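J.: Starting from these lines, generate the structure:
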Amino acid sequence: MLRLERMTISGFKSFSDRTDARFPTGITAVVGPNGCGKSNLGDAINWVLGEQSAKTLRGKSMADVIFSGSERRKPQGMAEVSLHLANDASDLPDDRHSVVITRRLFRSGESEYLLNGARSRLKEIQEILRAEHVGAKTYATIEQGKIDQILNAKPKERRLIIEDAAGISGFKHKRRLAELKLEATQANLLRVQDILGEVTRQINSLKRQAARARRYKRLRDDLRAKERIRFGLLAREMDARLDGLRRDETARREEEVAAATRLAGLDAELTARRAALDEADRLYREAAETLHRLELDIDREEARIRHCRERIADADEAARRAVEESSGLAARVSETDARRDAHRATVEAEAAAVAALGERLGERQAALGAASTRVDETRASLEALRRTVFDSMNRAAELRNRRRTIEEA
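T.: Below is the predicted model of the structure:
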């Protein structure tokens, strides 16, 4: 059986420094005043044996078992307790003459268990302790107040303690584990049956799908054979259409060549017509220049006509004055005839003057006739110019029509 030899405590509750507590053979008593940490030794034993309740360890949370510091000491970041158990004729293997169980708790919340210095699971440690009837919740550890609880316990609770002492609880625990495994296995079998049913349904579905796939493959092969025949017929039809299109292309190319030849002829004709149009434009400009010159000549002739008319008016005025003068002279002649004898010398002088006036009147009449002739000539020239202008305008209209016709062509 396992026997407690030594316990090492570091950072657990009031044990800030590393402390070794030795338990020699026989009864070991721990005495001391209240508050010196006697109960912490029992809490340390229960804690390292796997106690998970902080309330049982007289704390609010599991982190309360770590030394929280004092006025002179800093708080610790880890709590560690190691139990050294001797192997005296136990059911453990012979190579385990001593068992060291260690539990560590860090302030971050991480926890780990060690068995003889190697990391282990709590389940493995509890199996070893249960085989030796040692554990945090067995009769092997009885803390303060546990005796009254045993004495006042109900028969069912006492039965549990007796079964634990007799080693039956381990077998019950194993039976419970076996039952749980059987339940898990039964659940797995049910699950396997469900999976088998589902796989069977899937296999049937896959068989139907395989039959459909084989039918699809057969139909696809038939379709491909028919499509090959159809595509062969389409290929022949397309070849025939291609030959017809090629013949049409050759005919269209010949038509294109003929059209290009006609287009070249039309381009040459268009060039000739453009040259004729340029020539017509040149003739039109020359006619316009000639018309402009004629208009200038007309303006000059009209100015000359106005000048001649003014001269004719002046001559008419001079003739009128001459007539008036001749009328006055005639009156004076008649007067002088009466007085001719007395004034012969005066009459002869007056006669000479009348003759001179007659000569002047004749000159004026000759000038008037010449002016009338010039006016008639000017009017004839103006009429000829007007006809020339009219002909030029007609020719210009014809040239414009010809140019419009050429542009439309």
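J.: Please count neighbours and contacts with C-alpha atoms only from this point.
T.: Fine.
J.: by contact count, what packs against the longest helix seen in the chain?
T.: What stands out as the longest helix in the chain, according to DSSP state H, is helix 168-338. Where contact means 3 or more C-alpha pairs under 8 Å, 6 or more residues apart in numbering; DSSP states H and E, helix 168-338 is packed against helix 155-166, helix 344-408.
J.: gap between that helix and the chain center?
T.: Relative to its chain's centre, helix 168-338 lies at 32 Å (C-alpha atoms, centre = their mean, to the nearest Å).
J.: so for that helix, what's the average pLDDT?
T.: Averaging pLDDT along helix 168-338 yields 81.
J.: which residue ranges form the helices in the stretch 1-150 of the chain?
T.: In the stretch 1-150 of the chain, the helices defined using DSSP state H, counting those that start in this stretch lie at 38-48, 122-131, 146-151.
J.: what's the burial count for Ser98?
T.: By other C-alpha atoms under 10 Å, the residues close to Ser98 number 18.
J.: ok, the residue nearest to it when sequence neighbours are not counted - contacts?
T.: Spatially, and ignoring its direct neighbours in sequence, Ser98 is nearest to Ala86 (4.5 Å; C-alpha to C-alpha, 6 or more residues apart in numbering). Counting by C-alpha atoms under 8 Å, 6 or more residues apart in numbering, Ala86 touches 2-5, 97-99.
J.: Now tell me which of the residues you listed the prediction trusts least.
T.: Scoring these by pLDDT puts His97 last, at 66.
J.: returning to what we had before: how close does the residue nearest to Ser98 get to Gly117?
T.: Taking C-alpha to C-alpha, to the nearest Å as the measure, Ala86 falls 15 Å from Gly117.
J.: thinking again about what came up before, narrow the contacts of Ala86 to those that are buried.
T.: 2-4, 98-99 (16 or more other C-alpha atoms under 10 Å).
J.: Show residues contacting stretch 250-269.
T.: Contacts of stretch 250-269 (C-alpha under 8 Å, 6+ apart): none.
J.: Dump it to CSV, restricted to CA.
T.: What follows is stretch 250-269, C-alpha atoms only, in CSV (Å, rounded to 0.1, in the frame of the first residue of the first chain):
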residue,chain,number,x,y,z
THR,A,250,-16.2,35.4,-108.6
ALA,A,251,-19.1,37.0,-110.3
ARG,A,252,-19.2,39.9,-107.8
ARG,A,253,-15.4,40.4,-108.3
GLU,A,254,-16.0,40.6,-112.1
GLU,A,255,-18.8,43.1,-111.5
GLU,A,256,-16.5,44.9,-109.1
VAL,A,257,-13.8,45.1,-111.9
ALA,A,258,-16.4,46.4,-114.4
ALA,A,259,-17.7,48.8,-111.9
ALA,A,260,-14.2,50.0,-111.2
THR,A,261,-13.7,50.5,-114.9
ARG,A,262,-16.9,52.5,-115.2
LEU,A,263,-15.9,54.4,-112.1
ALA,A,264,-12.6,55.3,-113.7
GLY,A,265,-14.5,56.5,-116.8
LEU,A,266,-16.8,58.5,-114.7
ASP,A,267,-13.8,59.9,-112.8
ALA,A,268,-12.3,60.9,-116.1
GLU,A,269,-15.6,62.4,-117.3
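J.: mind listing what's buried in it?
T.: For stretch 250-269, it's none, nothing buried (16+ other C-alpha under 10 Å).
J.: before we move on, the earlier item: show me what the residue nearest to Ser98 is bridged to.
T.: Under DSSP bridges, the beta-bridge partners of Ala86 are Arg3, Ser98.
J.: For the contacts of Ala86, give me a markdown table that also has distance to Lys181.
T.: What follows is the contacts of Ala86, written out as a markdown table (distance: C-alpha to C-alpha, whole Å):
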| residue | distance to Lys181 |
| --- | --- |
| Leu2 | 29 |
| Arg3 | 33 |
| Leu4 | 34 |
| Glu5 | 37 |
| His97 | 32 |
| Ser98 | 32 |
| Val99 | 29 |
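J.: out of these, who's nearest Leu277?
T.: Val99 (129.4 Å; C-alpha to C-alpha).
J.: Now do the contacts for the closest one.
T.: Val99 touches 83-87, 115-116, counting by C-alpha under 8 Å, 6+ apart.
J.: And those, which is closest to Glu359?
T.: Leu115 (177.1 Å).
J.: my guess is the closest one meets Val100, correct?
T.: Yes - with contacts counted by C-alpha atoms under 8 Å, Leu115 reaches Val100, the gap being 5.9 Å.
J.: Looking at the helices of the stretch 1-150 of the chain, spot the one closest to Ala178.
T.: Per C-alpha to C-alpha, nearest to Ala178 of those: helix 122-131, 14.1 Å.
J.: got the angle for that closest one vs helix 168-338?
T.: Put simply, helix 122-131 runs at 170 degrees to helix 168-338, going by axes from the mean of the first three to the mean of the last three C-alpha atoms, to 10 degrees.
J.: Helix 122-131: which residues count as buried?
T.: For helix 122-131, by 16+ other C-alpha under 10 Å, it's 125-131.
J.: To be precise, which single item in the residues you listed has the lowest pLDDT?
T.: Ranking the buried residues of helix 122-131 by pLDDT, Ala131 lands last with 70.
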